[in-house]
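Novice: fold the following, please.
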Amino acid sequence: MQSPRLCPLAVDMGPIHSVKWIKPTKSTNPSSPEDSQKDPNPENTVATKSQPAPPYELSFASHSKCYMRHPWGVIDYYVYLSHIESGRDKLRREKECHLLETTGFAQVTLHDEPVLNNIPAYTNPTVVSVSLPVPDMQNEFSNARLVLGFDLESDRLQGYFFEPESPIENYEDLWGVWDQGEGQLVIDVPVDRFLAIIHHTMEHQIEILEIGVLHHYGLSTREFQAGLDMVVTVQFLQFVDDFAELLSEKPDELRELYTPFQNELRELLATGSRDAWFAVRDGLDIEQYRQKQLKKVVASGLFHGQNMLVLRYGSEEITEKDKSRPVKIVPGPRRSSWSKLRIRVLVSAMLILCFCSLFDRERVICMGMF
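Specialist: Sure, this is the predicted structure:
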């Protein structure tokens, strides 16, 4: 099925209120305005750049797949997510933010106004936040990476794809390939549109996650596996959560609305991983597992699109002919040939089964990650 592209901030997707997206005009660090006035020397004002951390501290997540590989020969993206986030608390994530300059990457503090005096000509100021290894089960020696960043001028979430011959292990290596023009901009989406899409998907069309939000809505020019697509989505939401003050005048409201979605996506990855490992324990191969999960799709689909029946007792006098039908069945407002005559027990059973099928929905979505 071809994935329709989304029109910008469609009304039915619950667009973000424009007030929330007015960029703050002052520093979001409460202590920075006062402190910055104490010393007129710009070099001594509140740090917009800090001393580079030791190389080992800011090294990128490795490509090692030995502990991310599932017995079915696929990547377990929940284990992958745990790998790339290992040791990356909020302080570490803030240190990982580096601004692209003419001579390399410089560490910046996004909670203050970064110094933008050394930006390459004809480019917008771009901050790199994380570098993700792109798993390739067909090529164990692949050095492919997806570098996620943010355009400070246009408020766009971005992703750059690199496939160098040598590994990219830190920002020095990244600058080496970036300066050669080897990167491809494969993700470039306004942050408000991205969040509107996430809100619409999680509230109304969660089944889209089975093929990936980025892929379905055409937010990426390169197709990634559904599991990696979900990991990238989580990383973008994590960036929004970490730097909500940079994006909105009401950061608490922004976090309150979108942090639950990030948590749900993490749970889906965890559920898919758990179910897949238990399937291996039960002796199932990947095709048997998929067939088992597809049965749940079929079962829940039996109750999709059906009209509710309104049952009431007839007020007319029951004749000898109608003694076998003490209940009068009135169809719902929509016409449907199958809803002529049904008994109360059947309708109750339909409602109960439909309610129970909701609990299997997440497992069905997780199947797409394998």
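Novice: could I get the buried residue list for stretch 264-280?
Specialist: When neighbours are counted by 16 or more other Cβ atoms under 10 Å, the buried residues of stretch 264-280 are found to be Leu265, Arg266, Leu268, Leu269, Thr271, Gly272, Ser273, Asp275, Ala276, Ala279. For every residue, glycine as well, the C-beta is placed using N, CA and C.
Novice: ok, of these, which one's closest to Val134?
Specialist: When the buried residues of stretch 264-280 are compared for distance to Val134, the smallest value, 16.8 Å, is given by Leu269; criterion: Cβ to Cβ.
Novice: now Lys296: which helix or strand?
Specialist: Taking DSSP states H and E as the criterion, Lys296 maps to helix 286-301.
Novice: helices or strands up against that helix?
Specialist: helix 251-281, helix 344-357, helix 361-367 (3 or more Cβ pairs under 8 Å, 6 or more residues apart in numbering; DSSP states H and E).
Novice: past the helix or strand containing Val79, which element shows up next along the chain?
Specialist: According to DSSP H and E, Val79 maps onto helix 77-84. Helices and strands here follow DSSP H and E; after helix 77-84, the next one along the chain is helix 90-95.
Novice: mind saving the C-alpha coords of that following helix as CSV?
Specialist: This file holds the C-alpha atoms of helix 90-95, laid out as CSV (Å, rounded to 0.1, in the frame of the first residue of the first chain):
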residue,chain,number,x,y,z
LYS,A,90,20.2,14.3,30.3
LEU,A,91,23.6,15.9,31.2
ARG,A,92,25.4,13.6,28.7
ARG,A,93,22.8,14.4,26.0
GLU,A,94,23.3,18.1,26.5
LYS,A,95,27.1,17.7,26.2
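Novice: buried stuff in it?
Specialist: Of the residues in helix 90-95, Arg93, Glu94, Lys95 count as buried by neighbour count, 16+ other Cβ under 10 Å.
Novice: kindly report the same for stretch 200-211.
Specialist: His200, Thr201, Met202, Ile208, Leu209, Glu210, Ile211.
Novice: shouldn't the fifth one be within a helix?
Specialist: Yes - in this structure, Leu209 lies within a helix as judged by DSSP: H, G, I helix; E, B strand; the rest coil.
Novice: report pLDDT for Arg92.
Specialist: According to the model's per-residue confidence, Arg92 sits at a pLDDT of 88.
Novice: would you mind measuring from it to Phe105?
Specialist: Separation of Arg92 from Phe105 (Cβ to Cβ, to the nearest Å) stands at 16 Å.
Novice: ok and the helix holding Lys296 relative to helix 251-281, angle-wise?
Specialist: Angle between the axes of helix 286-301 and helix 251-281 is 120 degrees (criterion: axes from the mean of the first three to the mean of the last three Cα atoms, to 10 degrees).
Novice: and which of the buried residues of stretch 264-280 is nearest Glu165?
Specialist: For Glu165, the closest of the buried residues of stretch 264-280 turns out to be Leu269, at 31.1 Å, with distances computed as Cβ to Cβ.
Novice: check what pLDDT Asn117 gets.
Specialist: Model confidence at Asn117, given as pLDDT, is 73.
Novice: which parts of this structure are strands?
Specialist: With DSSP state E as the criterion, the chain has strands at 98-101, 104-107, 126-133, 145-151, 156-162, 184-190, 310-313, 327-330.
Novice: got a list of what Asn118 touches?
Specialist: Applying Cβ atoms under 8 Å, 6 or more residues apart in numbering, we find Asn118 in contact with Glu101, Thr102, Thr103, Ala106.
Novice: just the buried ones out of those, please.
Specialist: Judged by neighbour count, with 16+ other Cβ under 10 Å as the criterion, the buried members of the contacts of Asn118 are Glu101, Ala106.
Novice: relative to Pro71, which of the contacts of Asn118 is nearest.
Specialist: Using Cβ to Cβ, Ala106 is the member of those that lies nearest Pro71, at 43.8 Å.
Novice: mind listing the helices for the stretch 101-250 of the chain?
Specialist: Under the criterion DSSP state H, counting those that start in this stretch, the stretch 101-250 of the chain contains helices at 171-178, 191-204, 213-216, 226-242, 244-247.
Novice: so which of the ones you listed comes closest to Ser142?
Specialist: In this view, the helices of the stretch 101-250 of the chain are compared for proximity to Ser142 by Cβ to Cβ, and helix 226-242 is the closest at 13.1 Å.
Novice: helices or strands up against the closest one?
Specialist: Using 3+ Cβ pairs under 8 Å, 6+ apart, the elements in contact with helix 226-242 are helix 77-84, helix 90-95, strand 126-133, strand 145-151, strand 156-162, helix 191-204, helix 213-216, helix 251-281.
Novice: and of those, who's closest to Phe236?
Specialist: strand 156-162 (5.2 Å).
Novice: quick one: contacts of the closest one?
Specialist: Strand 156-162 is touched from outside by 126, 134, 143-151, 168, 174, 177-178, 182-191, 194, 220, 222, 232, 236, 239, with contacts defined as Cβ under 8 Å, 6+ apart.
Novice: can you give me the angle it makes with helix 171-178?
Specialist: Going by the same axes, to 10 degrees, strand 156-162 makes 80 degrees with helix 171-178.
Novice: partners of strand 156-162, with directions?
Specialist: Partner strands and pairing direction for strand 156-162 (DSSP bridges) are strand 145-151 (antiparallel), strand 184-190 (antiparallel).
Novice: what comes up buried for stretch 186-204?
Specialist: Along stretch 186-204, the positions that meet the burial threshold by neighbour count (16+ other Cβ under 10 Å) are 186-187, 189-202.
Novice: domains for this structure, by residue range?
Specialist: By the record's domain assignment, the chain is partitioned as 11-281, 286-367 (automatic domain parsing).
Novice: mean pLDDT for those: which is lowest?
Specialist: Among the domains of the chain, domain 286-367 carries the lowest mean pLDDT (a mean of 59).
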